[in-house]
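1. Dropping the sequence and predicted coords here.
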Amino acid sequence: MPDEGETEPTRLIGEDVAKLAELMIRVSTSTAPTPDSNVDPRRQRRHKKGGGGVAAGAGAAGAAATERDTGREATTPTLDEIFRTVSGVLGEGTSTSVTRDDLGWSVESLVSTALTVSDDGLTAVATGSASRNGGGKHDGGSKYGGVIGVVRFHPSTGTHHFCVSVKEPVDDGFWIGICYPEADGFFPDAAPKSNPHCIVWSGGSPGDGGRPGTVRLHTEKFREQPRYAHRAAIGVVVDTDTGDLSFWLDGTKVLEFPGAAVGKVCAPFFSCTGSVVGPAATLMRWPLDRGYVGSERGGNAASAESGATADMVGTIEICGSMLEGGGQVLRVALAAAALTRTPIHVTRIRAGRPNPGLGHQHATGARLVAQGCGAAIDPESLLYGAHLEGVTSMRLWPGVRGVTGGSFVADTHTAGAITLLLQASLPCFLLGQSSEDVHLDLRGGTNVRGAPSIEYFQSVLVPLLEKMGVKKGTITTSVVSRGWYPVGGGRVLIDVTPARQLDAITLMDRGKIAGVRGTVVASFLARKHAKPAAAAVRRAVCAALHGQIQPDQVTIDIVLEDAPEKVTESTVSTAAKSGAVEDDIDRRAPTFRERRQMAKERAAMSDAAMQCQLVLTTTTGAVHAADCLLETAKHRGAVDPDDLAVTAASRLAEAWSSGGCVDEHTMDQLVVFMALACGHSKILCNAESSISSLHLETAIHFTTLITGAAFKIERRGDGTRLVSCKGVGWVNEPEKNCGATSIPHTESSTPIPPQ
């Protein structure tokens, strides 16, 4: 896939950090905060009245640190201290008052049985029952249930944040926001439309034809608000100095109400109708409590050899510049760490690329893996949908409860490869838990450069996993729409039924060619070239493998992309006239979503693309794959069917003539699965070719580092490589794998490249 352009968030954050360091030293040595003419006048007035705010919070933190470290000379605070103490100033801020004990819903605040709280206090679930737990003047007056967060945000204490993961929200019956628990007459089970002591947001109903969201601000109704759906992350930010309140959806600010929070004390609030069963709201940690995560994970003691610091107990350090030096390092590390519940710290991400740091695909993959294994991430905003292009360091602490099933949505918002999202997430969803199926809705690029196509995933990787004991039908794929560079917009639905374990795989005898199956996929503008391309591919394959294959052994399928659905201003007007819009108007301006769809339509009508995926299979089960992708958006040239056919066929012939039972790129896709398998796997990989890279060595090195599996590569006289692995025998049983990494790490956690 194409690399995303480099941005400059690192430089900007560095400048802010320097300013904050200077601010903290100034504040910690002063007796009182000094009013600043540049400060918001509302904030100054509240400072005069109550004192404190962000600056005072920083001063208090500095004083507390001085008390703890008596006799230590004042020094410039570390980056970690700055982020943890006053990160609110940076825009990704966190409430410094939120601790481990504060994170949760208050069971004591429940008045009815409409809601129940999980044992860990993090999740409130609708029960469908609205009977009262106790008497009172409010009995029978509401069909709602409400629950309040344990934490309280007091006046003049600065900016506070919390985040809620949404499950199965109900249109106009599922509300997230804040309340004033100490206000006179406050009742948590009051319906939001009659509760003057809360500010809450309901996400409406999903889908293009669904109703928009609604905000209730002290009972006042604000219509036509953004929607949110299942698995959304709703962030709430409240400034107790100014009263400003904002709502965030998956990392993006979508609503802001200046000065709206007027209560003296406010708290997280969840309200849900009592007529449904199942909707739930889960509080997520913000900020990260690194010490807590490290102690909960257990793991190895820090040692001088490992390079682990005191707050990184059990964490494996990974340098992203090693070997391949690209996104492969991050994806393999995420896949292995999430499943084995091993904390990792990845630095110098994609340092070997022209545009180093995270791209959209890498950030989306990290978020998907973190959601699947209940992990905490630093930077935290990755978990809420931010892409943070250019960020070069990331930490992951997998949740102590392991992988969960259910439905997940991951959208790169670019042409980021969907198959690379699967490379990072499939191992943990396939082997991480055994109780619930997983449904993935992945969006991005289906046929892009630098990544396997979705046809490769369906026709090569899945069949090989079936050879490793995965039952047929365990992994199903449905391509809803195609995504090409540069627009993306592809959508693939993946259903995964968890497997108990993987068997070792042996592919040593390549056998004779049984057949070649190919797929020619054409975008809408390249449709006319599809049939000539299929015929040309058949001829080219027979010529490239002359004497080894017959024409009737070559099967070429054709997949044509449908015309993009048109969304124009005229159709928007028609929709408004037909009553699709709630307000009684004849015309309206296109919404942001409609304008974006029109832009995609224009791009799709100006660019043509076509890809050929070839898969050679043998009588002994060996498999070699090759492909060719032509796109006018990248090269501004015509899509030539003969060029497509000759290139794809020549690559397949080169892979086959290089020997071995699988091609090199297929080999690196199997490394993580071989490491987890029960038994000793052996696969004969082809010799190095013109498209060889360090992906195989990279996958083996970092998989070994995290899982402890033993790999060995033996080079033979003909150049082929025998890759053998003694798997760790991972068994998908929670009682065996819960609570600690199943593989003990006895070696240094600082990766050392192979000699």
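-> Sure thing, it's come through. All values derive from a computational prediction rather than experimental measurement. Numbers count the residues shown, from 1 in each chain.
2. CA atoms of the one helix or strand Val147 maps to as PDB?
-> Using DSSP states H and E, Val147 maps to strand 144-148. In PDB, the C-alpha atoms belonging to strand 144-148 read as follows (Å, rounded to 0.1, in the frame of the first residue of the first chain):
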ATOM      1  CA  TYR A 144     -35.500   4.800  32.900                       C
ATOM      2  CA  GLY A 145     -32.500   3.700  34.900                       C
ATOM      3  CA  GLY A 146     -29.500   5.800  35.700                       C
ATOM      4  CA  VAL A 147     -26.100   5.300  37.200                       C
ATOM      5  CA  ILE A 148     -23.500   7.800  38.300                       C
END
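3. what does that strand rub up against?
-> Under the contact criterion C-beta atoms under 8 Å, 6 or more residues apart in numbering, strand 144-148 has outside partners 105-106, 109-115, 117, 124, 126-127, 130, 179, 181, 187-192, 267-274. For every residue, glycine as well, the C-beta is placed using N, CA and C.
4. how about low-confidence regions in this structure?
-> In the prediction, the chain carries residues with pLDDT under 70 at positions 1-102, 130-142, 207-208, 285-314, 400-401, 562-588, 599-607, 633-638, 734-755.
5. three-state assignment of the residue of it positioned farthest from its centre?
-> Going by C-alpha atoms, centre = their mean, the residue of the chain most distant from its centre is Gly547, 47.9 Å out. Secondary structure assignment for Gly547 (DSSP: H, G, I helix; E, B strand; the rest coil): coil.
6. That one and Ala653, how far apart?
-> 12 Å (C-beta to C-beta, to the nearest Å).
7. before we move on, back to that, quick one: which of the contacts of strand 144-148 sit in strands?
-> 115, 117, 124, 126-127, 179, 267-273 (DSSP state E).
8. Direction included, what does the strand holding Val147 pair up with?
-> strand 267-273 (antiparallel) (DSSP bridges).
9. and the helix or strand following the partner strand, how far from the chain's centre?
-> Heading C-terminal from strand 267-273, the first helix or strand you meet, by DSSP H and E, is strand 277-284. In terms of C-alpha atoms, centre = their mean, to the nearest Å, the centre of strand 277-284 is set 19 Å apart from its chain centre.
10. Is Leu630 in a helix, a strand, or coil?
-> strand.
11. For it, give the beta-bridge partners.
-> Met610.
12. Can you get me a residue count around it?
-> 24 (other C-beta atoms under 10 Å).
13. who's in contact with it?
-> 609-611, 639-640, 643-644.
14. Quick check: buried residues in the strand holding Val147?
-> By neighbour count on 16 or more other C-beta atoms under 10 Å, the buried set for strand 144-148 is 144-148.
15. After that strand, which helix or strand is next? Please name it.
-> strand 159-167.
16. that older thread, from the contacts of strand 144-148, keep the buried residues only.
-> Looks like these have 105-106, 109-112, 114-115, 117, 124, 126-127, 130, 179, 181, 187-192, 267-274 buried, using 16+ other C-beta under 10 Å.
17. Check whether the residue nearest the centre of the chain sits in a helix, strand or coil.
-> The chain has Arg367 as the residue nearest its centroid, 1.9 Å off, counting by C-alpha atoms, centre = their mean. Counting by three-state DSSP, the backbone at Arg367 sits in helix.
18. isn't it right next to Leu382, touching?
-> Yes - Arg367 lies in contact with Leu382 (C-beta atoms under 8 Å); the separation is 5.5 Å.
19. next one: phi and psi at the spatially closest residue to Leu696 that is not a sequence neighbour?
-> Nearest in space to Leu696, with sequence neighbours left out and distances taken as C-beta to C-beta, 6 or more residues apart in numbering, is Asp668 at 4.3 Å. Dihedral pair for Asp668: phi -70, psi -20, per degrees, to the nearest 10.
20. List the contacts of Asp668.
-> 328, 695-696, 698-699.
21. what about the helices in the stretch 401-550 of the chain?
-> 418-431, 454-456, 462-467, 530-544 (DSSP state H, counting those that start in this stretch).
22. Whichever of the contacts of Leu630 end up buried, select them in PyMOL.
-> This is the PyMOL syntax for the buried subset of the contacts of Leu630, where burial follows 16+ other C-beta under 10 Å:
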select buried, resi 609+610+611+639+640+644
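23. could you dump the contacts of Leu630 to a markdown table with distance to Gly357?
-> Shown next, in a markdown table, are these (distance: C-beta to C-beta, whole Å):
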| residue | distance to Gly357 |
| --- | --- |
| Ala609 | 27 |
| Met610 | 32 |
| Gln611 | 28 |
| Val639 | 33 |
| Asp640 | 36 |
| Asp643 | 34 |
| Leu644 | 33 |
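24. Show me which of the contacts of Leu630 is closest to Thr446.
-> Checking these against Thr446 by C-beta to C-beta gives Gln611 as the nearest, at 9.2 Å.
25. my read: the closest one touches Ala526, true?
-> No - if you go by C-beta under 8 Å, Gln611 and Ala526 don't touch, sitting 9.6 Å apart.
26. nearest residue to Asp495 other than its sequence neighbours?
-> Thr476 (4.6 Å).
27. quick one: the helices in the stretch 51-200 of the chain?
-> 53-68, 79-86.
28. For the ones in strands among the contacts of strand 144-148, work out which two are farthest apart.
-> Thr127 and Ala267 (21.9 Å).
29. re the thing from before, may I see the buried residues of strand 144-148 arranged in JSON lines, with distance to Ala648 as well?
-> Shown next, in JSON lines, are the buried residues of strand 144-148 (distance: C-beta to C-beta, whole Å):
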{"residue": "Tyr144", "distance to Ala648": "60"}
{"residue": "Gly145", "distance to Ala648": "59"}
{"residue": "Gly146", "distance to Ala648": "60"}
{"residue": "Val147", "distance to Ala648": "58"}
{"residue": "Ile148", "distance to Ala648": "61"}
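30. So what does Ile664 look like in phi/psi?
-> Check again: residue 664 is Glu, not Ile. phi -60, psi -40.
31. Equivalent analysis for the one 10 residues further on, please.
-> Backbone geometry at Met674, expressed as degrees, to the nearest 10, gives phi -60, psi -40.
32. Please report the distance of it from Asn732.
-> 16 Å.
33. which of these two has more neighbours?
-> Set Met674 next to Asn732 and count neighbours by other C-beta under 10 Å: Met674 wins out with 27 against 20.
34. show me the contacts for the more buried one.
-> 504-505, 681, 683, 709, 711, 723, 725, 727.
35. Select from the residues you listed every entry located in helices.
-> With DSSP state H as the criterion, helices contain none of the contacts of Met674.
36. In PyMOL, select just the buried ones from those.
-> Here is the PyMOL command that selects the buried residues among the contacts of Met674 (16+ other C-beta under 10 Å):
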select buried, resi 504+505+681+683+709+711+723+725+727
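37. Contacts only, for Tyr534.
-> Quick fix: residue 534 reads Ala, not Tyr. Applying C-beta under 8 Å, 6+ apart, the residues near Ala534 are 518, 520, 556-558.
38. any idea how far stretch 697-704 is from the chain center?
-> On C-alpha atoms, centre = their mean, the centre of stretch 697-704 falls 22 Å from the chain's centre.
39. hmm, who's touching that stretch?
-> 318, 322-324, 328-329, 332-333, 336, 668, 671-672, 675, 709-711, 713, 723, 751, 753-754.
40. And these, which of them are buried?
-> If we count by 16+ other C-beta under 10 Å, the contacts of stretch 697-704 have these buried: 318, 322-324, 328-329, 332-333, 336, 668, 671-672, 675, 709, 711, 723, 751.
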